[in-house]
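A.B. asks: quick one: sequence plus predicted model below, questions after.
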Amino acid sequence: MYKDLLKFAIKTAKKAGKYVLAEQKKGLIIEEKGKNDLVTNADRASEEMIIKEINKAYPDHAIIGEESSFIRKSDFSDYADSEYIWLVDPIDGTTNYAHQLKEYAVSIGLFKLSKKEKSKNFQYLTGELIVGVVYAPGMNELFSATKGEGAYMNDKKIQVTKINEVKNGLFATGFPYKNQGINLPYFNAMMGHCQAIRRLGAASLDLCYVAAGRFEGYWEFGLKPWDIAAGALIIEEAGGTVTDTNGNQIDLFGADIFGSNNKIHQETLNIFKNI
Ligand code: IPD
Ligand code: CA
Ligand code: CA
């Protein structure tokens with residue numbers, strides 16, 4: 001149903017991904033946007049490249065990109081009657097990228113509004129994620145999904161695992177740039193219950209790794225819509241569940257997320273509840 005949009009998103013993520021991979025090898029100009037929050041010349045150029053492609057192919061679509069936040073083609077003030085909103089993270093995992101690690105990705109999600117409504121705030125619009133693409137060029141892994149049609153890694157269909165007890169689960173988490181301590185009680189609590197916890201450094205990949213059956217669950221606080229849009233759809237399409245850390249439906253602007261293989265979802269939420 002959304003084949004052309006998916007094809008476009010894959011092509012664009014690959015183009016940007018190949019570019020950032022080459023730039024990483026060449027050497028980067030690294031700046032700090034906020035405390036510990038890095039940005040490189042390649043983050044900015046990758047986002048410009050993606051926005052240019054979207055504007056060319058879909059001139060009436062809106063775009064929210066991390067580095068240029070809240071851009072709309074014609075005017076910047078609201079999300080008027082654009083039916084589609086692209087959520088773009090030009091490099092997710094910039095700290096890894098800047099340190100020459102491979103665990104980073106280009107993440108592109110597409111949100112479709114359920115009805116035409118005018119809002120100055122994307123947050124108040126209702127709709128659903130319909131396309132998600134996360135491309136990790138350093139490892140040449142491309143995760144993708146369209147609503148209702150399953151999830152894939154490269155050309156292979158992916159599925160979450162069947163592990164049904166937290167004690168046998170491998171989990172991932174992350175720590176926000178601001179207010180890192182918010183996650184420590186959760187980290188401590190989960191350490192006592194699960195097999196092990198990883199901190200990969202790229203939210204989009206953490207989500208895709210749950211989808212691909214590498215992790216049983218992933219939670220984090222302080223995220224932005226471009227970090228999670230694509231990965232959340234990819235988990236759901238791989239048979240997993242995505243909520244916030246209280247078990248409520250995710251709000252892309254709500255900042256906290258818990259994605260799992262579904263089987264260990266409730267048990268983990270019970271652990272969170274007792275923190
Ligand atoms: C960050 C990464 C990281 C997560 C941070 C995100 P960025 O995105 O996904 O894993 O812990 O909360 O902001 O800044 O590299 O695009
Ligand atoms: Ca990010
Ligand atoms: Ca980023």
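C.D. replies: Alright, I've got the coordinates. Ligands and ions are numbered 1, 2, ... in the order given.

A.B. asks: show me the contacts for Tyr135.
C.D. replies: Listed by C-beta atoms under 8 Å, 6 or more residues apart in numbering, the contact partners of Tyr135 are Ile10, Ala13, Lys14, Ala16, Gly17, Ala105, Val106, Glu141, Leu142, Phe143. (Each C-beta comes from the backbone N, C-alpha and C, glycine too.)

A.B. asks: try it again with 6 Å
C.D. replies: Taking C-beta atoms under 6 Å, 6 or more residues apart in numbering, we find Tyr135 in contact with Ala13, Lys14, Gly17, Ala105, Val106, Leu142.

A.B. asks: inside helices: which ones of the residues you listed?
C.D. replies: Among the contacts of Tyr135, the members found in helices (DSSP state H) are Ala13, Lys14, Gly17.

A.B. asks: what sits against the second one?
C.D. replies: Right, Lys14. By C-beta under 6 Å, 6+ apart, Lys14 lies in contact with Tyr135.

A.B. asks: quick one: it from Glu141, how far?
C.D. replies: Separation of Lys14 from Glu141 (C-beta to C-beta, to the nearest Å) stands at 12 Å.

A.B. asks: next one: Leu223
C.D. replies: For Leu223, the distance to Glu141 - C-beta to C-beta - is 21 Å.

A.B. asks: which of those two has more neighbours?
C.D. replies: Neighbour tally, Leu223 and Glu141, criterion other C-beta atoms under 10 Å: the higher count belongs to Leu223, 21 against 17.

A.B. asks: returning to that earlier point: Throw the contacts of Tyr135 into TSV and include pLDDT and distance to Ile30, thanks.
C.D. replies: Shown next, in TSV, are those (pLDDT from 0 to 100; distance: C-beta to C-beta, whole Å):
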residue	pLDDT	distance to Ile30
Ala13	98	23
Lys14	98	24
Gly17	98	19
Ala105	98	18
Val106	98	18
Leu142	98	26
